[in-house]
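Novice: below is the sequence, then the predicted model.
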Amino acid sequence: MKNILVTGGAGFIGSAFVRYMIDAYPDYHVVVLDKLTYAGNLDNLLPVRDNPRYRFERADIADRAAVERIVEQHGIDTIVNFAAETHVDRSILQPDAFIYTDVVGVYVLLEMVRQKGVQRLLHVSTDEVYGDIPQGYSVETDPFAPNSPYAASKAGAELMIRAYYQTYGLNVVVTRGSNTFGPYQYPEKLMSLFITEAIDNRPLPLYGDGRQVRDWLYVLDHVTGIDTVLHKGVAGEAYNIAGENERPNIDVVRALLKELGKPESLIRHVADRPGHDRRYAMNCDKLRALGWQRQHSFEEALRETVAWYVQNEWWWRKIKTGEYLEYYKTQYASRLG
C-alpha cells in the first residue's frame, strides 16, 4: 500500500481522511479524485495542498475512462471510496443523482480492482442501510432495510461489492459509519447547519418532534476507524464504526445552542421529512476486535466543532450563497412559513 486513490476526497469525511493519512503515513502517496459538486471543496484540502505526496484530479467516479487514466497514471494500488451523494433530503428531491454516483460509480471502481491490478478497495457506507432500529443494535450481518433513496443507493453499492467479492474474489472491505460531525462539514447536515444558522440568530428548522435518535460520531474517530479497517480488515467483510453516543436531535440542538450562548427560542419545529427513520444504532465490537477505540467524548467533540465554525466563518460564509440558498429555500421556506 503506497499509492492510495481517495475518491470524494474533497468532501467532509474524505478530506479529513486525506489530512490524517498524509500526516500519519510518511511513505504513502495520496491522490484525491473528486467531481467537486456542491459538497466538494478544495478549501478542505488546504492543509495538504503543498505536500509533495498529495495530488488532486478532478473527475467523476462514474466516468470509467477518467478513472482508468488516473489509476494507471499514478500507479494506484489502493482505493478508498468516499465519493457519494449523501444528503437524504436531496435524495428525496433528486434520486437519480444518487443512483448514478452511489451505484454506477462504485461499479466503475470495482472494475478497476478487477481489471487494473488495484490490490484493495475500501468502500465507505452508512448505518442508514439498516433502516430504522426501534430497539437493540445493528450488527454487520443484519439484513438491509433502507428507507430513503440515499440509503437504498448505498445498500445497492454494498450489494455490488458483495457480488464482486463472491464472483471474482476481490480484496474489498466496507465500513458503515454512524452520524458523523466535525469541522469542514457542508452546512446542510443538522450539526453544521444549525451551528452556522444559530451564529446568525436565524431560526433552526427541526424536523417533527426532534426525538429522532442518532448515534453521533466525531469525524476524527470515524477516520481512524476507516484506517483500521483499511489495514486490518478481512476481505469481503463489513465493519460498523459507531460513535456510541445516542442522543435525540432535540438534545443535540440544545447542547450546541448552550455552547454558543444562544437561546432555545431559535428552535422551530417544522413538518417532518418523508420516511424519516426514528433511530439508528450499531454494535461495533467487530471493529474493536481489530484494535480500534474512540478517542473523543461527545461533549469534547461538540465543543471543538462549535469552536471551529465560530473561528472559521471564512470557510462557511462563502458556501452559503447561490446554489446553497436556492436549496435552502426549496427545503425549508414552506416549512418555516
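Specialist: Ah, there it is.

Novice: so, low pLDDT: which residues of the protein?
Specialist: Scanning the chain for pLDDT under 70 picks out the ranges 86.

Novice: give me the buried stretch members for the longest helix seen in it, please.
Specialist: The longest helix of the chain (DSSP state H) is helix 149-168. Residues of helix 149-168 classed as buried by neighbour count (16 or more other CB atoms under 10 Å): 149-158, 160-161, 164-165. Every residue, glycine included, has its C-beta placed from N, CA and C.

Novice: also stretch 100-109?
Specialist: By neighbour count on 16+ other CB under 10 Å, the buried set for stretch 100-109 is 101-109.

Novice: what about the residue nearest to residue 232 when sequence neighbours are not counted, how many neighbours?
Specialist: With CB to CB, 6 or more residues apart in numbering as the criterion, residue 232 has its nearest non-adjacent residue at 4.5 Å, and that residue is residue 290. Residue 290 has 14 neighbours, counted by other CB atoms under 10 Å.

Novice: give me the secondary structure label for residue 290.
Specialist: Recorded secondary structure, residue 290: coil (DSSP: H, G, I helix; E, B strand; the rest coil).

Novice: distance check, it against residue 240.
Specialist: 12 Å (CB to CB, to the nearest Å).

Novice: with just CA atoms, put the longest helix of the chain into CSV.
Specialist: Backbone C-alpha positions of helix 149-168 (Å, rounded to 0.1, in the frame of the first residue of the first chain) are rendered in CSV as follows:
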residue,chain,number,x,y,z
PRO,A,149,-33.3,6.9,-1.9
TYR,A,150,-29.9,7.8,-0.3
ALA,A,151,-29.9,4.7,2.0
ALA,A,152,-31.1,2.5,-0.9
SER,A,153,-28.3,3.7,-3.2
LYS,A,154,-25.7,2.9,-0.5
ALA,A,155,-27.2,-0.5,0.1
GLY,A,156,-27.2,-1.1,-3.7
ALA,A,157,-23.5,-0.3,-3.8
GLU,A,158,-22.8,-2.7,-1.0
LEU,A,159,-24.6,-5.5,-2.8
MET,A,160,-22.5,-4.9,-5.9
ILE,A,161,-19.4,-5.1,-3.7
ARG,A,162,-20.6,-8.3,-2.2
ALA,A,163,-21.3,-9.8,-5.6
TYR,A,164,-17.8,-8.8,-6.9
TYR,A,165,-16.2,-10.4,-3.8
GLN,A,166,-18.2,-13.6,-4.2
THR,A,167,-17.8,-13.8,-8.0
TYR,A,168,-14.3,-12.5,-8.6
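
Novice: what's in contact with that helix?
Specialist: Applying CB atoms under 8 Å, 6 or more residues apart in numbering, the contact partners of helix 149-168 are 84-88, 90-92, 95, 98-99, 101-103, 106-107, 110, 113-114, 121, 123, 125-126, 128-129, 131, 144, 146, 170, 172, 174, 235-236, 238.

Novice: mind listing which of these are in strands?
Specialist: Among the contacts of helix 149-168, DSSP state E puts 121, 123, 125-126, 172, 174, 238 in strands.

Novice: closest to residue 198 out of those?
Specialist: Among the ones in strands among the contacts of helix 149-168, residue 126 lies closest to residue 198 (CB to CB), at 26.0 Å.

Novice: residues in contact with that closest one?
Specialist: Contacts of residue 126 were listed using CB under 8 Å, 6+ apart, and they are 86, 151, 154, 176-177.
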